[in-house]
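>>> Coordinates only, no sequence provided:
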């Protein structure tokens, strides 16, 4: 069977991508592949491979049976990134979405993979053992939970923002902590409780607003900064965004005209009440229509 959406440009400097390549090797080992299919409740004969992007999203693996994709699998060498899974569920419904992470409620946990490889190791021939050892050694390198502090689920770290995220999902905006997903909104984590909301403009990810140190406000930038960052979108689009941001306040507050260290701070409680307006403003800024 020829796979026309096979992805072959993995960046091997990324540890998860290296594990994904090892995982593909392991699927050639019959007892390991049977273990995976059983855990995911997939039929015998399912082909698992790395797919190209679809709808601007690229899960780590696609599962194809009789020429049709019946499931996708996302791998994290740490806890789940719930936002990413929600994006996939909305984009690929009704195709099932599975996860391989350190979380106990994943369909397959990292620990289960390590245990299975140890169980079957003695029965493998020498070349298969090399593949098993490669995967095991990668997982050993990243077994320290502290490595995953930047990959913790954003919704868990910023639960006060849930109404905002839910509105984004509702109107069809994609959100991710990975730029490789090419989302509408990229969430850049800053230390443990910081968060920057970014969109792609002229090939670069630029900040629209941020939350600092788990504070109770979202910080919007100055007019000068927005004009500079959004210049390529045109003056009318930029000014509309500025008016929309100012409309989120309850006191007709205005963005500063200058001063790079000044921000318009709007309480999260107010933003959550007006999340419709914020989501629509971002849609217009991106040139998208509401779904």
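Thanks, I have the structure now. Predicted, not measured: the structure shown is a model, and the values here were computed from it.
>>> Just give me the neighbour total for the nearest residue to residue 109 once chain neighbours are set aside.
Sequence neighbours aside, residue 102 is the residue nearest to residue 109 in space, at 6.4 Å (criterion: C-beta to C-beta, 6 or more residues apart in numbering). For the C-beta atoms, the positions are set from N, CA and C on the backbone; glycine is no exception. Counted with other C-beta atoms under 10 Å, the neighbours of residue 102 add up to 19.
>>> For the closest residue to residue 107 other than its chain neighbours, which three-state class applies?
Computed as C-beta to C-beta, 6+ apart, the closest residue to residue 107 that is not its neighbour in sequence is residue 98, at 4.3 Å. Of the three states, residue 98 takes strand according to DSSP: H, G, I helix; E, B strand; the rest coil.
>>> Tell me who's in contact with the residue nearest to residue 92 when sequence neighbours are not counted.
Nearest non-adjacent residue to residue 92, counting by C-beta to C-beta, 6+ apart: residue 72, 6.1 Å away. Contacts here follow C-beta atoms under 8 Å, 6 or more residues apart in numbering; on that basis residue 72 touches 51, 59, 61-63, 88, 92, 95-98.
>>> In helices, which of these appear?
Those of these mapping onto helices are 88, 92, per DSSP state H.
>>> What score does the residue nearest to residue 107 have for pLDDT?
What the model reports as pLDDT for residue 98 is 88.
>>> how close does the residue nearest to residue 39 when sequence neighbours are not counted get to residue 178?
Of all residues not flanking residue 39 in the chain, residue 108 sits nearest, at 4.8 Å (C-beta to C-beta, 6+ apart). Counting by C-beta to C-beta, to the nearest Å, the gap from residue 108 to residue 178 is 20 Å.
>>> In this structure residue 5 contacts residue 59, no?
No - counting by C-beta atoms under 8 Å, residue 5 does not reach residue 59; the two are 11.7 Å apart.
>>> what's near enough to touch the nearest residue to residue 214 once chain neighbours are set aside?
Distances taken as C-beta to C-beta, 6+ apart place residue 193 nearest to residue 214, at 3.3 Å, with adjacent residues excluded. Residues in contact with residue 193 (C-beta under 8 Å, 6+ apart) are 157-158, 211, 213-214.
>>> beta partners of the residue nearest to residue 39?
Note on residue 108: beta-bridge partners residue 100, judged by DSSP bridges.
>>> Please name the residues that touch it.
36, 39-40, 98-100.
>>> Adjacent strands (with direction) for the helix or strand containing the residue nearest to residue 92?
Assigned by DSSP states H and E, residue 72 belongs to strand 68-75. Strand pairing for strand 68-75, determined by DSSP bridges: strand 61-65 (antiparallel), strand 96-101 (parallel).
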